[in-house]
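Trainee: Sharing a sequence plus its predicted fold:
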Amino acid sequence: MLNDNVFSKKHSMANKANKQPENVPGPWYVDASCNVCRVCLDEAPNLINYNDDGTYVYFFKQPETPEETAAAQRALDVCPMLSIGNDGLSTHEVSARQLTISTETSVASRYTHPNPFPAKLIVNRSLCGKGSEKDTRHFELDLKGWGLSYEVGDSMTVWPTNDPALVAEIIKRIGAKGDESVRGPNGDTTLSEALFRDCRITQTTPRFLDTIAERAVNGAPLLSELLKPERKRDLDTYLWGMEIVDFLIEHPSITWTPQEFVGKLAKLTPRLYSISSSLKVHPDQVHFTIDVVHYESRGRMRKGVCSTFLAERAQDVPVPVFPNTSKFRLPEDGNTPIIMVGPGTGVAPFRAYLQERKAIGAKGKNWLFFGSQHRRCNYFYDDEFEQHRRDGLLTRLDLAWSRDHEDKSYVQHKMLENATEIWKWLDAEGAHFFVCGDARRMAKDVDAAVRKIIQEQGGKTEEQTNQYVEKLKSDKRYKRDVY
């Protein structure tokens, strides 16, 4: 019997009466239940984008071609919150989609994305050695009793809470006590609870900045100038390393009522993390590989909301989680070779891939490209990967260390050094190619390296190379999980 939670009126389908305001007119829309999980952006980047606050996504363009319509439909199909809608969908079509999602998630579980499972943190250990400039951690969460499942390649949504010390400071800065009643993003509560659980209290919003610019006693001419639409890039540069509390410190004369202040903040959104374990090896557990974010700016220590929640505050409280289905999946045929490129925390899903392939006895060859700053202190899971190499599970293991030598070495350089063999795996042996990690630089550099290998080793023109890559993608042999 299907759980009633799955078909609750509140979350059963996108609500066209509650569309996000930025949606351009047309049948396709995103509603207010969006939690910015980024999944839809992978399917329809030419149609969907973040709002200015980064608190939800919206359709900035309506589909005009069959290809764009198909992309919008894929985005609708993968949205875990059912936040994407189409005014043209029939009730039957929506109900059928609900049934598919509910069945794939779990018939037995009472947990849903709006009602996540309270996991327990059981392992929190450093993956770095002495002298590391990074703080990368391995986390393990106990999932006993959740009644759900996931596959390797999937991600997990984690709902954090804010730093209590920062909450207390903000309450003090606005001259409040914390027990005042407010209406926050998730309904009626107290000011302290809204700031702790419901609101984003680090990154500013345009409405918060507008208020600062309007009400600063001596004015805020620089901020006012940077808030002009044509200065958006300059504003982003100015705001780097600045948080809401910085403006409260700089403008103590601005008075806020608790409700007014909460109304200027964005909703605290959950985070998605790649899963670095296989249920076949670690039943009732999920593992994460996460960089804990902390840095100093303007004389203050800054902390990543979710990474420091897990690293510093989750040991004695439930960790709300829910799995997200991904298309970043292993080939169905276990005999198929795979090439995995995952520097830094991008190695997470590939640790899971290797566990899975070993557990099911898959015979396909496995090639991993991993990299970080220093071998001595940033070789994550070195014991596991070296054992996999000795056992023959890892056919090839190529490592790149960007700070160990004067000439920096990255994974794309290791790929080019092995161009002939990569081309053989791809073209003659039908290997699948996977990339996980940084989207801004690494993924682009790796893509350029792949294209260079195909063009030079395959003797192709640029146009033929592009067609080859597109064929890899359409055949689901080139997959990326980048962020």
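Mentor: Right, received. Where do you want to start?
Trainee: Give me the residue at the spatial middle of this structure.
Mentor: Among the residues of the chain, residue 272 comes closest to the average C-alpha position under CA atoms, centre = their mean, at 4.0 Å.
Trainee: My understanding was that it contacts residue 324; is that so?
Mentor: Yes: counting by CB atoms under 8 Å, residue 272 sits close enough to residue 324 to count as a contact (6.4 Å). C-beta: built from backbone N, CA, C; applies to glycine.
Trainee: Tell me the backbone dihedrals of the residue nearest to the centre of the chain, please.
Mentor: Dihedral pair for residue 272: phi -110, psi 130, per degrees, to the nearest 10.
Trainee: Chain neighbours aside, what residue packs nearest to it?
Mentor: What sits nearest to residue 272 in space, not counting adjacent residues and going by CB to CB, 6 or more residues apart in numbering, is residue 155, at 4.6 Å.
Trainee: Same check on residue 180?
Mentor: In space, residue 180 comes closest to residue 258 once its chain neighbours are excluded; the distance is 4.1 Å by CB to CB, 6+ apart.
Trainee: how far away is residue 156 from residue 370?
Mentor: As defined by CB to CB, to the nearest Å, residue 156 lies at a distance of 22 Å from residue 370.
Trainee: Name the residues of stretch 213-228 that are buried.
Mentor: 213, 216, 220, 223, 226, 227 (16 or more other CB atoms under 10 Å).
Trainee: what's the most distant pair in those?
Mentor: Taking every pair in the buried residues of stretch 213-228 and measuring CB to CB, the maximum separation is 13.5 Å, between 216 and 226.
Trainee: for the longest helix along the chain, packing partners?
Mentor: With residue count as the measure and DSSP state H as the assignment, the chain has helix 442-458 as its longest helix. Contacting helix 442-458 under the criterion 3 or more CB pairs under 8 Å, 6 or more residues apart in numbering; DSSP states H and E are the following elements: helix 411-417, helix 419-423, strand 432-437, helix 462-474, strand 478-482.
Trainee: Would you mind writing the CA trace of that helix as PDB?
Mentor: Taking C-alpha atoms only, helix 442-458 is exported to PDB below (Å, rounded to 0.1, in the frame of the first residue of the first chain):
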ATOM      1  CA  MET A 442      38.100  21.000 -14.100                       C
ATOM      2  CA  ALA A 443      35.100  19.700 -16.100                       C
ATOM      3  CA  LYS A 444      35.900  22.100 -19.000                       C
ATOM      4  CA  ASP A 445      39.500  21.200 -19.000                       C
ATOM      5  CA  VAL A 446      38.700  17.400 -19.000                       C
ATOM      6  CA  ASP A 447      36.200  17.900 -21.800                       C
ATOM      7  CA  ALA A 448      38.800  19.800 -23.900                       C
ATOM      8  CA  ALA A 449      41.300  16.900 -23.200                       C
ATOM      9  CA  VAL A 450      38.800  14.300 -24.300                       C
ATOM     10  CA  ARG A 451      38.100  16.200 -27.500                       C
ATOM     11  CA  LYS A 452      41.800  16.600 -28.200                       C
ATOM     12  CA  ILE A 453      42.400  12.900 -27.700                       C
ATOM     13  CA  ILE A 454      39.500  12.000 -30.000                       C
ATOM     14  CA  GLN A 455      40.600  14.400 -32.700                       C
ATOM     15  CA  GLU A 456      44.200  13.500 -32.700                       C
ATOM     16  CA  GLN A 457      44.100   9.800 -32.000                       C
ATOM     17  CA  GLY A 458      41.100   9.300 -34.200                       C
END
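Trainee: I would like the residues contacting that helix, please.
Mentor: Outside helix 442-458, the residues within contact range by CB atoms under 8 Å, 6 or more residues apart in numbering are 341, 343, 346, 410-412, 415-416, 419-420, 422-423, 426-427, 433, 435, 437, 460-462, 464-466, 468-469, 478, 480, 482.
Trainee: which of the residues in that helix are buried?
Mentor: Neighbour-count burial for helix 442-458, with 16+ other CB under 10 Å as criterion, is recorded at 442, 443, 446, 447, 449, 450, 451, 453, 454, 455, 457.
Trainee: okay, these in CSV with distance to residue 289 and pLDDT next?
Mentor: What follows is the buried residues of helix 442-458, written out as CSV (distance: CB to CB, whole Å; pLDDT from 0 to 100):
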residue, distance to residue 289, pLDDT
442, 15, 97
443, 17, 96
446, 19, 98
447, 23, 97
449, 23, 98
450, 24, 98
451, 28, 98
453, 27, 98
454, 30, 98
455, 33, 98
457, 32, 98
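Trainee: circling back: can you pull the pLDDT of the residue nearest to the centre of the chain?
Mentor: Per-residue confidence for residue 272 comes out at a pLDDT of 95.
Trainee: could you check the distance from it over to residue 179?
Mentor: 33 Å.
Trainee: that older thread, and the helices and strands packed on helix 442-458, which is most packed in?
Mentor: strand 432-437 (a mean of 24; mean count of other CB atoms under 10 Å).
Trainee: Residues in contact with that strand: which ones?
Mentor: 274, 328, 330-331, 336-350, 353, 426, 442-443, 446-447, 450, 472, 476-483.
Trainee: No more questions from me, cheers.
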